[in-house]
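Undergrad: my questions are about this predicted structure, shown below with the sequence.
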Amino acid sequence: FFVKSGYITATMNYRYVDENITVFDELYDITEALKTIKTECKKHGFNIEKSILSGGSAGSHLALLYAYTKAEQAPVTPVAVCVYCPPVDCAKPDFLLGISGEFEEWKYGVLSKCCGVKINRENLMNTQQQEALKKISPQEYVSEKCVPTAIFHGRHDELIPFTHIENFINSLNEKGVKNDVLIYENSGHGLDKDPD
């Protein structure tokens, strides 16, 4: 679809977080992928200078963090970001506790690896944990400098509370960041209940 519309497209990957790899290492991976994409494009006669970053769920989290914090030093400058079901505020208790509790232990484990600090039910509101979680939360980096942002989110998302997206959109609006939002009224995290 994008190629037919005249865009150069590429899919990049990143290492998964573990005890030795955090979100900040993943952001480095995006820089390295963009360098490679730029080099490969040059080989084929395309000189690319700008990009639109996109992703879903964890990928959308990284796309937002990268576009909001690394744009000035990126090898290919992000000029917009398009995200599907993004985690935007990792420090909020309702994100960590979850709506049903079904993903609670999974979330603590992943977030501990993401930020490099042990997170659990007992310590999640401690200063060290909150500071670490805020550093990996796109919500914390919203400013007038942010690139235009498109958000697609399910109103019944079971992993990312809809209130987080509402707060995020309000922050973007308050800072004058251009944004476009499409709410999937019947869908959860998979955006699969709104075929139209």
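TA: Looks like it came in fine. Note that the structure is predicted; figures quoted are calculated from it, not measured. Numbers count the residues shown, from 1 in each chain.
Undergrad: buried residues, stretch 33-45. List them.
TA: 33, 34, 37, 38 (16 or more other C-beta atoms under 10 Å). C-betas here are computed from N, CA, C, even on glycine.
Undergrad: over to stretch 113-131?
TA: 113, 114, 115, 116, 117, 119, 124, 129, 130.
Undergrad: I'd like to know which of the buried residues of stretch 33-45 is nearest to residue 93.
TA: Proximity of these to residue 93 (C-beta to C-beta) peaks at residue 33, which lies at 33.7 Å.
Undergrad: so the nearest residue in space to residue 47 that is not next to it in sequence, which state does it fall into?
TA: Nearest non-adjacent residue to residue 47, counting by C-beta to C-beta, 6 or more residues apart in numbering: residue 41, 7.2 Å away. Under DSSP: H, G, I helix; E, B strand; the rest coil, residue 41 falls in the helix class.
Undergrad: what's the helix or strand for the residue most central in space within the chain?
TA: In the chain, the residue lying closest to the centroid (C-alpha atoms, centre = their mean) is residue 61, at 1.5 Å. According to DSSP states H and E, residue 61 maps onto helix 58-69.
Undergrad: all strands for the protein, in order.
TA: For the chain, the strands defined by DSSP state E cover 50-56, 77-84, 149-154, 179-184.
Undergrad: please work out which of the ones you listed is packed deepest.
TA: Most buried of the strands of the chain by mean neighbour count (mean count of other C-beta atoms under 10 Å) is strand 149-154; its value is a mean of 22.
Undergrad: elements contacting it?
TA: Judged by 3 or more C-beta pairs under 8 Å, 6 or more residues apart in numbering; DSSP states H and E, the packing partners of strand 149-154 are strand 77-84, helix 162-174, strand 179-184.
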